[in-house]
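J.: pasting the structure only:
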């Protein structure tokens, strides 16, 4: 009779320990299934194209603003600045005559020049805003960049039409004055006028080729950007990762 309680007391201790272990073990405690868990993370890695587009937009926007300001200054004060820095002599006088002729053409088309520069400044500002949106993962970025790049394409086409039309008037004038400058330079002991004229023509051709190539590159980047920001996975990234 005396052995029964001892046996019961000894057997109760392991039972209590077993219950305690079960409560502390999340694998065996059924109540753990009702405990709150952390929310799953929806943050996705930023596509490389978004970062590339953001950097290109910032660089293009900042350089566009700088060029726009320089063009406005050139159109409004180019002749005065050039004349102030021009030395004396026959060659310098020929250069002044060409600058005066170019200034007359710029004055004739002053409104298109100013509108073109202001349009470039506006689009450059939009590119900077879009670049910041790309790097900061703002939800409005795909829509903003799509509209900005479309405006850039229209602007580049219109500006190119104006630029090409203007060349029909400026090229003959520039060629005439360049010949006068070459003759004046040759008379002062410089290289022969024919050599200078050949160099000038080659430089002009290289300049036009570079300008045409740069036009194609800009339009190509704008078209790629519009298509890229229209892709579903890019739009989904900005929707789920907007700050």
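T.: That came through, no problem. If you're wondering where the values come from, they're calculated on a predicted model, not measured in any experiment.

J.: show me the contacts for residue 195.
T.: For residue 195, the contact set (Cβ atoms under 8 Å, 6 or more residues apart in numbering) is empty. (Each C-beta comes from the backbone N, C-alpha and C, glycine too.)

J.: Just the element for it, please.
T.: For residue 195, the host element (DSSP states H and E) is helix 193-229.

J.: Moving C-terminal from that helix, which element do we reach first?
T.: helix 232-240.

J.: So which bits of that following helix are buried?
T.: 234, 237-238 (16 or more other Cβ atoms under 10 Å).

J.: Would you reformat the residues you listed as JSON lines and include distance to residue 127?
T.: Below are the buried residues of helix 232-240 laid out as JSON lines (distance: Cβ to Cβ, whole Å):
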{"residue": "234", "distance to residue 127": "17"}
{"residue": "237", "distance to residue 127": "20"}
{"residue": "238", "distance to residue 127": "17"}
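
J.: which among the residues you listed gets closest to residue 96?
T.: Nearest to residue 96 among those: residue 234, at 54.3 Å, using Cβ to Cβ.

J.: isn't the closest one right up against residue 50?
T.: Yes: the pair residue 234 / residue 50 is scored as a contact, 6.8 Å apart, by Cβ atoms under 8 Å.

J.: Now do the end-to-end distance for stretch 101-121.
T.: Terminal residues of stretch 101-121 are spaced 27 Å apart (Cα to Cα, to the nearest Å).

J.: Mind listing residues that contact it?
T.: Contacts of stretch 101-121 with the rest of the structure, by Cβ under 8 Å, 6+ apart, involve 64-65, 67-69, 71-72, 75, 78-79, 155, 159, 162, 166, 169-170, 173-174, 177.

J.: could you say what helices and strands the longest helix seen in the chain packs with?
T.: The helix spanning the most residues in the chain, taking DSSP state H as the definition, is helix 141-187. Judged by 3 or more Cβ pairs under 8 Å, 6 or more residues apart in numbering; DSSP states H and E, helix 141-187 is in contact with helix 90-108, helix 110-136, helix 193-229, helix 232-240.

J.: and the angle for that helix with helix 232-240?
T.: Helix 141-187 and helix 232-240 are oriented at 110 degrees to each other (axes from the mean of the first three to the mean of the last three Cα atoms, to 10 degrees).

J.: For the remainder of this discussion, apply numbering that starts at 37.
T.: Renumbered: residue one is now 37, and that last one reads helix 177-223.
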